[in-house]
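1. from the sequence below, what's the structure:
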Amino acid sequence: MRVKICGITQPQQSVAIASLGATALGFICVPTSPRYVNILQIQAAVAPLPKNVDKIGVFANTSITEIKQTVVESGLTSVQLHGNESREFCSQLRQALPEVEIIKAFRVKSRDHLQQVAAYSNDIDTLLLDAYHQEHLGGTGQTLDWTMLQQFSPSCPWFLAGGLTPDNILDALSMLQPHGIDLSSGVEKTPGDKDLDQVAKLFSQLGTLKKL
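-> As a prediction, the model looks like this:
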């Protein structure tokens with residue numbers, strides 16, 4: 001299972017989090033976010049990372065030209081779309097960046113909304129399901145209704161996000177079988193400043209799961 005820690009802002013924390021076991025790190029490329037990082041900051045955080053750690057840039061309603069520039073200059077390996085991007089946009093981005101994983105994130109409102117989500121499966125590589133918030137795109141600490149996802153079975157891999165913490169991760173994984181999990185505010189002191197003790201606790205919890 002992939003484990004993504006999102007909202008990285010400090011290079012030293014990116015290395016520490018990867019060494020604790022994260023398989024993917026997320027960098028917020030949305031200027032209005034308190035976790036926003038520019039290309040130079042991403043470069044500094046990505047440069048010392050092992051090649052087997054995915055470097056994911058998070059964008060929202062950004063042009064393909066700008067996304068491509070950021071990916072190429074920063075050394076990102078994946079793009080996460082967290083806005084209102086259409087299936088057509090996702091397909092065009094995939095053509096523009098054929099070697100880069102395309103992740104489409106959705107803030108899930110209802111079971112009916114999940115049908116629209118699944119329709120994207122052929123246009124992207126991976127889905128990410130987050131909790132819905134009217135004003136914020138993510139990092140709110142709100143959890144999804146996990147029971148709503150128990151029958152969710154798209155034709156592509158998917159991440160579970162939304163209010164996950166070291167204290168509730170085992171409950172979530174006892175109900176669901178995502179291909180990956182995504183944590184941000186659940187392992188933070190303040191937005192962008194990760195709590196390495198909480199990250200270590202997360203991997204300790206996941207370690208107990210493997211032993212069961």
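2. got the phi/psi numbers for Ser19?
-> The main-chain torsion angles of Ser19 are listed as degrees, to the nearest 10 and equal phi -70, psi -30.
3. state the helix or strand in which the spatially most central residue of the chain lies.
-> Geometric centre of the chain, nearest residue: Asp182, 5.0 Å, by C-alpha atoms, centre = their mean. Element membership of Asp182, judged by DSSP states H and E, is strand 180-183.
4. quick one: buried residues of stretch 173-193?
-> 173, 176, 178, 180-188, 192 (16 or more other C-beta atoms under 10 Å). Where C-beta positions appear, they are placed from N, C-alpha and C, glycine not excepted.
5. quick one, longest helix in the protein?
-> Of all the segments assigned as helix in the chain under DSSP state H, the longest by residue count is helix 196-211.
6. just checking, what packs against it?
-> Under the contact criterion of 3 or more C-beta pairs under 8 Å, 6 or more residues apart in numbering; DSSP states H and E, helix 196-211 touches strand 2-6, helix 11-20, helix 169-175.
7. and the lowest-mean-pLDDT helix or strand in the chain, which residues are buried?
-> Taking all helices and strands of the chain together, the one with the lowest average confidence (mean pLDDT, DSSP states H and E) is helix 111-118, at a mean of 85. Of the residues in helix 111-118, those buried by neighbour count under the rule 16+ other C-beta under 10 Å are 114, 117-118.
8. which one of the buried residues of stretch 173-193 sits closest to Ala44?
-> Of all these, the one sitting nearest Ala44 is Gly192; the distance, using C-beta to C-beta, is 14.0 Å.
9. give me the nearest residue to the closest one, chain neighbours excluded.
-> Closest residue to Gly192 in three dimensions, ignoring its sequence neighbours and counting by C-beta to C-beta, 6 or more residues apart in numbering: Thr9, at 3.7 Å.
10. isn't the one you found up against Val37?
-> Yes - when contacts are counted by C-beta atoms under 8 Å, Thr9 is listed as touching Val37 (5.4 Å).
11. please enumerate the strands of the chain.
-> 2-6, 24-28, 54-59, 78-81, 101-108, 126-131, 158-160, 180-183, 188-190, 193-194 (DSSP state E).
12. buried residues, the first one. List them.
-> In other words, strand 2-6. For strand 2-6, the buried set under the neighbour-count rule, 16+ other C-beta under 10 Å, comprises 3-6.
13. what's the nearest residue to Leu183 if we skip its chain neighbours?
-> When the adjacent residues along the chain are set aside, Leu183 lies closest to Leu164, with 4.9 Å between them (C-beta to C-beta, 6+ apart).
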